[in-house]
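Participant: sequence first, predicted model second:
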Amino acid sequence: MTRHILITGGAGFIAGNLVHHWAAAHPNDNLVVLDALTYAGNRATIEPLIAAGQIRFVEGDIGDRTLVDVLLAEHAITHIAHLAAESHVDRSISGPAAFLSTNVGGTFTLLEAFRTHWLAAGSPASWRFLHVSTDEVFGSLEPSDPPFNETTAYAPRSPYAASKAASDHLARAWQHTYGLPVLVSNCSNNYGPFHFPEKLIPLTLINILLGRPIPVYGDGANVRDWLFVEDHCRALERILLSGEPGHTYCIGGNNEVSNLDLVHQLCDLVDELASDQGLALPQRPSRELIRFVTDRPGHDRRYAIDASHIREALGWEPRVTVSEGLRRTVAWYLANRSWWEPLLSDDYSAYLVGQYAGQLS
Ligand code: NAD
Ligand code: DAU
């Protein structure tokens, strides 16, 4: 069977990496990307594949039912990997409306459009809808708590997490009630190439390269479980091809690191790789750029994932260690200034001023 796959949010960080991964691994599949090109969407991430005719790109909103209906029919879509979302916690605190609209309303529209399309085709058992979600739906862990797994109760605590939790519930309800072949994944923090500058890792790297202060929220002791994005893409591939509809898969890196430790590692790596390349940095050592700033309201203390279910059920586990992944990421940001520099627009500068309330000068 030829797969006709719609990847939503394909001009963003994870879905952009997934598009590259899938196009290389499955060149006979037809790939269509639907992306609204919000501030976080960057066509340049997938432009070479569009230009080479390897994928089709449609600019549009997942909440536009007419557009989605036409797209599903025209491209005879059999699989959806749904990643389009508003994804930044800080923006969900200052402006939650877009999160409700895209993450909840947009997911509802996609589920309904796919259900109609699937019914019209005679409800093929081989079709799939993979709803990509986050570990933030589970809330926050204490230091001695066991990691989240597929049976952990939902306890979202930010507007972003609440909107993702709502969309997860919709996705599971569509599977249970209508028999739509839906799968759900909940992943920990990703890092790697094509990561928008507002998130901690690219923000740190870009600020080092520009000689700007590195903002660390609160005491820097919050813990995240970091996964190299390529490993997440391999997990999504496994789930889409071999996962069981109605099942949930927790994906994580088994790499718990505090924010301050992580920022220290990044500073040291940039210092080392810049020296190797004979590149002068505006400030050395980079650790001197670190500033402790006002904490994120409601900041979750710790996330961690127990990924044993996906390992046992689908044979997936991470391949890239955190030291290798961070090194590759730092090297990518050093080599790809032409990707991230255009993203530092006036709008983005205004966002930084509002978000950090002048604490970065
Ligand atoms: P991102 O913000 O980098 O990209 C989101 C993409 O979605 C952008 O290209 C944007 O233009 C597009 N988009 C936004 N609203 C849209 C709309 N209404 N219609 C069509 N396109 C729209 O996000 P990301 O970090 O790559 O996350 C992708 C998905 O993975 C999200 O669903 C997120 O919740 C989930 N996730 C992210 C992480 C992480 O660490 N970044 C971890 C686990 C799960
Ligand atoms: O856990 C998965 C989630 O990971 C995804 O669902 C989200 O889409 C993704 O953005 C990410 O959320 P986080 O809030 O964990 O990522 P962020 O990069 O914003 O922050 C990582 C940690 O660093 C977090 O504890 C907050 C802290 N931080 C962040 C920023 C932007 C700082 O200390 N300073 C900062 O300036």
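Facilitator: Now that the structure is in, tell me what you want to look at. Numbering: from 1, shown residues only. Ligands and ions are numbered 1, 2, ... in the order given.

Participant: now the strands for this structure?
Facilitator: 4-8, 30-35, 55-59, 79-82, 128-134, 182-187, 190-191, 214-217, 223-225, 227-228, 248-251, 256-258, 290-293 (DSSP state E).

Participant: adding distance to ligand 1, write those out as a markdown table.
Facilitator: (Each C-beta comes from the backbone N, C-alpha and C, glycine too.) Formatted as a markdown table, the strands of the chain follow (distance: least, Cβ to the nearest ligand atom, whole Å):
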| stretch | distance to ligand 1 |
| --- | --- |
| strand 4-8 | 6 |
| strand 30-35 | 5 |
| strand 55-59 | 9 |
| strand 79-82 | 7 |
| strand 128-134 | 4 |
| strand 182-187 | 4 |
| strand 190-191 | 4 |
| strand 214-217 | 16 |
| strand 223-225 | 9 |
| strand 227-228 | 8 |
| strand 248-251 | 8 |
| strand 256-258 | 14 |
| strand 290-293 | 21 |
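
Participant: how about these in CSV, adding mean pLDDT and mean neighbour count?
Facilitator: Shown next, in CSV, are the strands of the chain (pLDDT from 0 to 100; neighbours: other Cβ atoms under 10 Å):
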stretch, mean pLDDT, mean neighbour count
strand 4-8, 99, 24
strand 30-35, 98, 25
strand 55-59, 98, 17
strand 79-82, 99, 26
strand 128-134, 99, 25
strand 182-187, 98, 25
strand 190-191, 98, 24
strand 214-217, 98, 20
strand 223-225, 98, 22
strand 227-228, 98, 26
strand 248-251, 98, 25
strand 256-258, 98, 18
strand 290-293, 97, 16
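
Participant: which one of those lies nearest to residue 268?
Facilitator: strand 290-293 (11.9 Å; Cβ to Cβ).

Participant: same for that closest one, what does it pack against?
Facilitator: Packing contacts for strand 290-293, counted by 3 or more Cβ pairs under 8 Å, 6 or more residues apart in numbering; DSSP states H and E, involve strand 214-217, helix 259-276.

Participant: send over it as CSV, restricted to the C-alpha atoms.
Facilitator: What follows is strand 290-293, C-alpha atoms only, in CSV (Å, rounded to 0.1, in the frame of the first residue of the first chain):
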residue,chain,number,x,y,z
ILE,A,290,24.5,33.4,32.9
ARG,A,291,21.8,35.5,34.7
PHE,A,292,19.2,34.2,37.2
VAL,A,293,15.9,35.9,36.3
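
Participant: that strand and ligand 2, any residue contact?
Facilitator: No. Shown here: strand 290-293 not in contact with ligand 2 (Cβ under 6 Å from any ligand atom), separated by at least 7.1 Å.

Participant: which of the helices and strands packed on strand 290-293 sits closest to residue 352?
Facilitator: That would be strand 214-217 among those, by Cβ to Cβ, at 9.1 Å.

Participant: what sits up against the closest one?
Facilitator: Residues outside strand 214-217 that contact it (Cβ atoms under 8 Å, 6 or more residues apart in numbering) are 203-204, 207-208, 259-260, 263, 267, 286, 289-296, 299, 356, 359-360.

Participant: how about the residues of the stretch 51-200 of the chain by ligand 1?
Facilitator: So far as Cβ under 6 Å from any ligand atom goes, the stretch 51-200 of the chain lies against ligand 1 at 61-63, 83-87, 102, 106, 132, 134, 164, 187, 189-190, 196.

Participant: just those: which are in helices?
Facilitator: Among those, the members falling in helices (DSSP state H) are residue 164.

Participant: restrict the residues of the stretch 51-200 of the chain next to ligand 1 to those near ligand 2?
Facilitator: Among those, the residues within reach of ligand 2 (Cβ under 6 Å from any ligand atom) are 87, 134, 189.

Participant: could you check how far the closest residue to ligand 2 within the stretch 251-361 of the chain is from residue 221?
Facilitator: The nearest approach of the stretch 251-361 of the chain to ligand 2 comes at residue 259, 4.5 Å away (Cβ to the nearest ligand atom). Taking Cβ to Cβ, to the nearest Å as the measure, residue 259 falls 7 Å from residue 221.

Participant: quick one: which of the two has more around it?
Facilitator: Between residue 259 and residue 221, residue 259 has the larger neighbour count (other Cβ atoms under 10 Å), namely 19 against 13.

Participant: residue contacts, the more buried one?
Facilitator: Here residue 259 is in contact with 200, 216-217, 220-224 (Cβ under 8 Å, 6+ apart).

Participant: circling back to that earlier point, list only buried entries from the contacts of strand 214-217.
Facilitator: 203-204, 207-208, 259-260, 263, 267, 286, 289-290, 293, 299, 356, 360 (16 or more other Cβ atoms under 10 Å).

Participant: quick check: bridge partners of residue 8?
Facilitator: Residue 8 has these beta-bridge partners by DSSP bridges: residue 34, residue 82.

Participant: surely residue 25 meets residue 238?
Facilitator: No. The pair residue 25 and residue 238 fails to qualify as a contact (Cβ atoms under 8 Å) at a distance of 11.2 Å.

Participant: perfect, that will be all.
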